[in-house]
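# coordinates only, sequence not included:
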């Protein structure tokens, strides 16, 4: 939900649904995708830019690869940020 008086982004209301979906019903797919991401990226150093990062679920995977830092961009939606903060 958008802040009081601020216009809501069309996808703002999906943040909780998306988080529940990727960690619930689609968890098997989410894990396989995370495993594939780990294989493609491999271990490394330096920054990683995560575009369209949603709730930041895969940023946790990237951070586990000992990358210097993960920079997320593309989710300025308050509800998505709220879900990310609950991680």
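Cool, the structure landed. Keep in mind that what you see is a predicted model, and the values were worked out from it rather than measured.

# going by C-alpha atoms from here, please, whenever you check contacts or count neighbours.
Fine.

# just the endpoints, please. Distance across stretch 38-57?
In stretch 38-57, first residue to last residue: 13 Å (Cα to Cα, to the nearest Å).

# so for that stretch, mean pLDDT?
Across stretch 38-57, the average pLDDT comes to 80.

# can you pull out the strands in this structure?
Ranges of strands within the chain are 47-51, 69-73, based on DSSP state E.

# count of neighbours near residue 20?
14 (other Cα atoms under 10 Å).

# quick one: pLDDT of it?
Looking at residue 20, its pLDDT is 90.

# ok, how many other residues are close to residue 15?
21.

# ignore what I typed, I meant residue 28.
So residue 28, with other Cα under 10 Å, has 12 neighbours.

# in the lengthiest helix in the chain, what's buried?
The residue-count maximum for a helix in the chain (DSSP state H) belongs to helix 27-41. By neighbour count on 16 or more other Cα atoms under 10 Å, the buried set for helix 27-41 is 30, 34, 38.

# redo these as JSON lines? Include distance to residue 15.
Formatted as JSON lines, the buried residues of helix 27-41 follow (distance: Cα to Cα, whole Å):
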{"residue": "30", "distance to residue 15": "16"}
{"residue": "34", "distance to residue 15": "19"}
{"residue": "38", "distance to residue 15": "24"}
